[in-house]
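Student: Sharing a model prediction with you, sequence too.
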Amino acid sequence: MSEKATQPLYSGGNPSFPLSSSPYYSRTEDKNVRFVPEDELSNRKNYQFVAFRPGFSLQASELNEMQENMQMQMSLSITMMHNWITSGSGYLWSGWDVDSPVGEGDKWNGDTSDLPPNTGIGVGGDLTSAGSPFHDQNWVVSGPGWKGATPLYPFKSPYQGDGGKKLVEVIKFTDTEATIKFNPGWYLVEARAWWNGTLSEQPPHVSGLKHWVYLDDNTIGDGGEISVGYSTETKSIVVGLVVDSEFMECCSGVDGCDDTLADNASGFPNSASCGASRYRLSITEATHVFCQDDNWGDEDNESSDFADRERMNPVCVIRPDDNTIRYINNLVIKTK
């Protein structure tokens, strides 16, 4: 039976991915989807590109891996759009509210003294005292896929067997502190880094390309939680994820090696015949930046806030001034 930990993708269905079996031996399912906690080598690698090198033989399995990886990335992107568009609430949903007093996803109780914020995708409005919508720039909501990290779904998991888990979970939200937890799952990210503008010191691999990366348990420490303290005068705090990139070589015994990248035409890696390297991304930590007057820090080489901003994949904004936590596209995650 297939494992469902990486839904909407399934792994282990003897096998699940069509080109994983003999004689094709694609590594996409094994490296990017399958997860065996007790076997370190089986942990998800988040390989993005097959990096061919002069002087190394081309493997048929590498060409199959490229096809499956492209299809996997595209499938996750299409699924993300479906999840986000159908997860937003708004007046077209006749009062359904994502964070109402009666529970997330339940219908607003009709009490005009307790109007929830209108968070519908594309609605960009609030409600008047009579309950009718009006346009307000403060509540404009755009789509997913912003410059930063976007979770596969915005609220509770739509997948059977996931127990309604959230990828971005607000653990605490008070007048002086917020704790946000990033749970295991798929996040759309990009490689980012601080750059002082000098061409000779430009950071590598910062291209603007989007990649789907799976965040495993304990990858970023503290159980995926980040806590931020603030005052009621704080304008906003941007919270995000830091993503690192590296090339993994077909070798063994040292960091940056993966000996399973050797020729697997026989079904097992042949260490005498290495092939292409792999380009991978990994989420390494959660961080935050204070933003006063919508300023993330001056564009000054000495500004740590600016450097932190540039290396971060923003996910959400804590706004003590209006008692909300929102995704970067302005969709409300939590209100007090």
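Tutor: That came through fine.
Student: what about the strands in the stretch 101-250 of the chain?
Tutor: Assigned strands in the stretch 101-250 of the chain, in chain order: 125-127, 133-135, 150-151, 168-173, 177-182, 185-189, 211-215, 225-229, 236-248 (criterion: DSSP state E, counting those that start in this stretch).
Student: hey, which of these is tucked in deepest?
Tutor: Greatest average neighbour count among those goes to strand 150-151 (a mean of 26), per mean count of other Cβ atoms under 10 Å. Quick note: C-beta positions are derived from backbone N, CA and C, even for glycine.
Student: Against L152, how distant is L215?
Tutor: Between L215 and L152 the computed distance is 10 Å (Cβ to Cβ, to the nearest Å).
Student: Spit out the residues that contact the two alike.
Tutor: Between them, L215 and L152 share the neighbouring residues G185, W186, Y187, with contact defined by Cβ atoms under 8 Å, 6 or more residues apart in numbering.
Student: Among the residues you listed, which one sits closest to P269?
Tutor: W186 (27.2 Å; Cβ to Cβ).
Student: For M74, what are phi and psi?
Tutor: Summarising the backbone geometry of M74 under the convention degrees, to the nearest 10, its torsions are phi -70, psi -40.
Student: I'd say K181 and E225 touch.
Tutor: Yes. Assessed by Cβ atoms under 8 Å, K181 is found in contact with E225 at 4.6 Å.
Student: anything in contact with each of those two?
Tutor: Common neighbours of K181 and E225 are listed as I171 (criterion: Cβ under 8 Å, 6+ apart).
Student: okay, which residue is most central for this structure?
Tutor: The C-alpha lying nearest the average C-alpha coordinate of the chain belongs to Y187 (Cα atoms, centre = their mean; 1.8 Å).
Student: In contact with that residue, which residues?
Tutor: Taking Cβ under 8 Å, 6+ apart as the criterion, Y187 is in contact with A149, T150, P151, L152, L167, W212, V213, Y214, L215, L241, I283, N313.
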